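> just a sequence and a predicted model for now, questions to come.
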Amino acid sequence: MPYHAAVASDAAPPAVASDAAPPAVASDAAVRLVAAAVVPMEPPGQVYRPGVVDLAGDRITWVGPAGAAPPHHGPQLQLSGLLLPGLVNCHAHSPMTLLRGVGEGLPLHDWLRKAIWPREAHLTPDDVYWGMTLACDELLRCGVTTSCESYFHDRRVVDAAVDAGLRCVVTPGILDPAGSGAWRRLLDIAVALHGEAHGRAGLIEIGFGPHAAYSLPLEALATTAHLAAEVDALVTLHVAETAAEGAALEAEHGMTVPALLASAGILDGRVLAAHGVWLTDDDVALFARHDVAVAHCPQSNAKLGSGVARLPHLLRSGIRVGLGTDGPASNNDLDVWEELRLAPLLARAVAGDAGALGAADALALATRGGGRALGLPVGCLHPGYLADLIHVRLDDSRFVPVLDDADLVSHLVWSGCSALVEDVWVGGRQVVRAGVCTTVDGRRARHEVQRRAERLAGAVAQPGC
């Protein structure tokens, strides 16, 4: 997908790590990475031992077995571990690191209204910058190279992502639970941000994030979808997250929320539905006809008691599915490794079938599935795709024994973890080296989020707040 030219930023000075060397920056010179193993995810289950990935600028130019690699005369890096596409987080509200753990034990709607929204009313743009900066450090160290974000003060979300070198689909939040008409102002902000920041630094895509049918009038959803379609932008919204959230709308209109969205033309463009836990068979078929993608968030849905999406059914129906962590206030982390393990575990447990979702298919959800769900050339190590990839250590007991190629894929899913992520590149630029994010001053980010979270907690504790 093409990106527009970068635009100037009025961001505050970035939280660049002061005690680390400047990260390698992509150039047009070809670089060869030679690894003990390469898992390209195209097709799922393929393994090259040893393998080669060639990069030029921000793109991959060649992938394959080391013995078949073309001649190369540029820089070459020898890696002892495994190369894998960067993980993709298809649904997150990452600046909510500021609210990590808030509202513990509450169901979704009480959690939003009693714990989250009152604090969010006091957020400043700089709060969001630091919340996202801390999140970028966490995401990148976990091997997540692309994240789809929906929040507020999104210029600062963009600033933080660019400063950290994270690829980001930013979908500014639009909601109006009180019915005050505030959605119009938020939609104007999203439109303006698309014009200003879409394509910035080769890392940013701007979409639209209408919250849900229960928190917005149908007019708002339809208007948002129409404006997004005009610029071919992604629309992401929460759909069927809980069993009861659509009851009032279904009673009023005599159809399910997905059917209502379709009837209003909201599903005609690029749409990513978050959660999809309570979709009916007809809803799934409707999503398939409209090519609506789904962000599956098993850990957040389990923690909030919302239920378990029918993942095997979605996949059998041809739905593009990626994994999402949701926000760190309801997860409580941004580690996609946990999602790629929990997704097949829940699918097998619910189905009573140990073959309901295989290891290669689970790993695909976190990589190529996420890229397809977002419509981005990420999630595969394939010529022409963006050079977003991670180096995973293999010198760990969790990867022993390896008797054949399938064992490596199986170990990645059932034994792998973010602690084994050694190096990370986004667009050919190294942003994690030896497990340390070189683009974020993690100590300062932790301090900033701690003191700002304390202020938010104090604000809602005041009488009348």
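Sure, I can see it.
> contacts, neighbours, all on C-alpha from now
Noted.
> which residue is nearest the middle of the chain?
With distances taken as C-alpha atoms, centre = their mean, residue 89 lies nearest the centre of the chain, 2.0 Å away.
> burial measure for residue 458, as a count.
Using other C-alpha atoms under 10 Å, residue 458 is surrounded by 12 other residues.
> typo on my end, it should be residue 53
Applying other C-alpha under 10 Å, we find 25 other residues in the vicinity of residue 53.
> secondary structure class for it?
Three-state assignment for residue 53 (DSSP: H, G, I helix; E, B strand; the rest coil): strand.
> nearest residue to it other than its sequence neighbours?
Computed as C-alpha to C-alpha, 6 or more residues apart in numbering, the closest residue to residue 53 that is not its neighbour in sequence is residue 63, at 4.6 Å.
> contacts only, for the one you found.
Listed by C-alpha atoms under 8 Å, 6 or more residues apart in numbering, the contact set of residue 63 reads 40, 51-54, 69, 381-383.
> CSV for those, including pLDDT and distance to residue 336?
As requested, those are exported to CSV (pLDDT from 0 to 100; distance: C-alpha to C-alpha, whole Å):
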residue, pLDDT, distance to residue 336
40, 98, 18
51, 98, 24
52, 98, 25
53, 98, 23
54, 98, 26
69, 97, 31
381, 98, 18
382, 97, 21
383, 98, 25
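> make a markdown table from those residues and add distance to residue 258 to it.
As requested, these are exported to a markdown table (distance: C-alpha to C-alpha, whole Å):
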| residue | distance to residue 258 |
| --- | --- |
| 40 | 35 |
| 51 | 44 |
| 52 | 44 |
| 53 | 42 |
| 54 | 43 |
| 69 | 48 |
| 381 | 34 |
| 382 | 35 |
| 383 | 37 |
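> just among those residues, which is most surrounded?
Greatest neighbour count in these, by other C-alpha under 10 Å, goes to residue 381: 32 neighbours.
> about what we covered before: elements contacting the helix or strand where the residue nearest to the centre of the chain lies?
Per DSSP states H and E, residue 89 falls inside strand 87-92. Secondary-structure packing of strand 87-92 (3 or more C-alpha pairs under 8 Å, 6 or more residues apart in numbering; DSSP states H and E): strand 144-149, strand 321-323, helix 336-351, helix 359-366, helix 368-374.
> which parts of the helix or strand bottoming out on mean pLDDT in the chain are buried?
One helix or strand of the chain scores below all others by mean pLDDT, DSSP states H and E: helix 108-110, with a mean of 87. Buried positions in helix 108-110, judged by neighbour count with 16 or more other C-alpha atoms under 10 Å: residue 108.
> so what touches it?
Under the contact criterion C-alpha under 8 Å, 6+ apart, helix 108-110 has outside partners 242, 304-306.
> quick one, which of the residues you listed are buried?
The neighbour count (16+ other C-alpha under 10 Å) marks 242, 304, 306 as buried among the contacts of helix 108-110.
> list the contacts of residue 297.
Each residue near residue 297 by C-alpha under 8 Å, 6+ apart is listed here: 91, 274-275, 323-326, 339.
> can you give me the helices in the stretch 351-465 of the chain?
For the stretch 351-465 of the chain, applying DSSP state H, counting those that start in this stretch gives helices covering 359-366, 368-374, 405-414, 442-461.
> now distance to residue 151 too, for these, in TSV please.
Shown next, in TSV, are the helices of the stretch 351-465 of the chain (distance: least, C-alpha to C-alpha, whole Å):
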stretch	distance to residue 151
helix 359-366	22
helix 368-374	17
helix 405-414	30
helix 442-461	16
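> bridging residues for the residue nearest to the centre of the chain?
For residue 89, the beta-bridge partners are residue 147 (DSSP bridges).
> I'd say it and residue 365 touch.
No: with contact defined as C-alpha atoms under 8 Å, residue 89 and residue 365 do not form a contacting pair (9.9 Å).
> overlap in contacts, those two.
Common neighbours of residue 89 and residue 365 (criterion: C-alpha under 8 Å, 6+ apart): 322-323.
> now tabulate the buried ones among the contacts of helix 108-110 in JSON lines and tack on secondary structure, distance to residue 459 and pLDDT.
Converted to JSON lines, the buried ones among the contacts of helix 108-110 look like this (DSSP: H, G, I helix; E, B strand; the rest coil; distance: C-alpha to C-alpha, whole Å; pLDDT from 0 to 100):
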{"residue": "242", "secondary structure": "coil", "distance to residue 459": "29", "pLDDT": "95"}
{"residue": "304", "secondary structure": "coil", "distance to residue 459": "25", "pLDDT": "91"}
{"residue": "306", "secondary structure": "coil", "distance to residue 459": "29", "pLDDT": "94"}
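> in JSON lines: these, plus distance to residue 312.
What follows is the buried ones among the contacts of helix 108-110, written out as JSON lines (distance: C-alpha to C-alpha, whole Å):
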{"residue": "242", "distance to residue 312": "19"}
{"residue": "304", "distance to residue 312": "22"}
{"residue": "306", "distance to residue 312": "18"}
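> the strand or helix carrying residue 223 packs against which elements?
In the assignment (DSSP H and E), residue 223 maps to helix 218-230. For helix 218-230, the packing partners by 3+ C-alpha pairs under 8 Å, 6+ apart come out as helix 183-197.
> how does it look with 10 Å?
strand 173-174, helix 183-197, strand 209-210, strand 235-239, helix 257-263, strand 271-275 (3 or more C-alpha pairs under 10 Å, 6 or more residues apart in numbering; DSSP states H and E).
> which of the contacts of residue 297 are buried? Put it as a ChimeraX command.
To isolate the buried ones among the contacts of residue 297 in ChimeraX, judged by 16+ other C-alpha under 10 Å, type:
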select :91,274,275,323,324,325,326,339
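> what is the nearest of the contacts of residue 297 to residue 149?
When these are ranked by distance to residue 149 (C-alpha to C-alpha), residue 91 comes first, at 6.3 Å.
> dump the residue contacts of the nearest residue to that closest one once chain neighbours are set aside.
If the residues on either side of it in the chain are set aside, residue 91 comes closest to residue 324, at 4.4 Å by C-alpha to C-alpha, 6+ apart. Residue 324 makes contact with 88-93, 147-148, 274-275, 294-300, 334-336, 339-340, 365-366, 370, according to C-alpha atoms under 10 Å, 6 or more residues apart in numbering.
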